[in-house]
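Trainee: Give me coordinates for this.
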Amino acid sequence: MANPWAGEVEIGLNGALHSAKLTLGALAELEGALEDGDLMGLVRRFEGRSFTTRDVLAVIVAGLRGGGWQGRAADLRSVSIDGGMMGAARAAGELLARAFVVPEA
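Mentor: Alright, predicted model coming up:
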């Protein structure tokens with residue numbers, strides 16, 4: 001089970017649960033994958049609900065890799081993410097929120 005206090009989010013891939021987390025290394029990898037290279041711009045896009053599927057995929061991949069997953073973005077092409085696109089977008093938003101905000105008790 002994911003620990004929100006540690007910034008973790010649970011993501012289901014083909015029904016198997018994975019713990020995802022935006023560690024400092026994962027954030028650096030994410031920043032490198034962004035076209036504009038700006039994490040705060042990415043956060044603003046999620047806050048304004050103007051994110052792209054590329055944004056969602058980049059956050060999911062970075063979070064999974066921060067959680068120990070050894071895959072690449074291309075590995076997710078044929079994977080079913082629990083909840084579909086909406087579930088993936090929700091998980092990506094939660095990853096970003098947990099990376100930059102301490103959860104309330």
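
Trainee: CA atoms for contacts and neighbours, from now on please.
Mentor: Fine.

Trainee: which helix in this protein runs the most residues?
Mentor: Criterion DSSP state H: the longest helix present in the chain is helix 84-100.

Trainee: Which neighbouring elements make contact with that one?
Mentor: Counting contacts by 3 or more CA pairs under 8 Å, 6 or more residues apart in numbering; DSSP states H and E, helix 84-100 packs against strand 8-13, strand 16-21, helix 53-66.

Trainee: Dump those to TSV, plus mean pLDDT.
Mentor: Converted to TSV, the helices and strands packed on helix 84-100 look like this (pLDDT from 0 to 100):
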stretch	mean pLDDT
strand 8-13	95
strand 16-21	96
helix 53-66	95
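
Trainee: Dump those to JSON lines, plus mean neighbour count.
Mentor: Shown next, in JSON lines, are the helices and strands packed on helix 84-100 (neighbours: other CA atoms under 10 Å):
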{"stretch": "strand 8-13", "mean neighbour count": "22"}
{"stretch": "strand 16-21", "mean neighbour count": "21"}
{"stretch": "helix 53-66", "mean neighbour count": "22"}
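
Trainee: Nearest to M85, out of those?
Mentor: helix 53-66 (8.2 Å; CA to CA).
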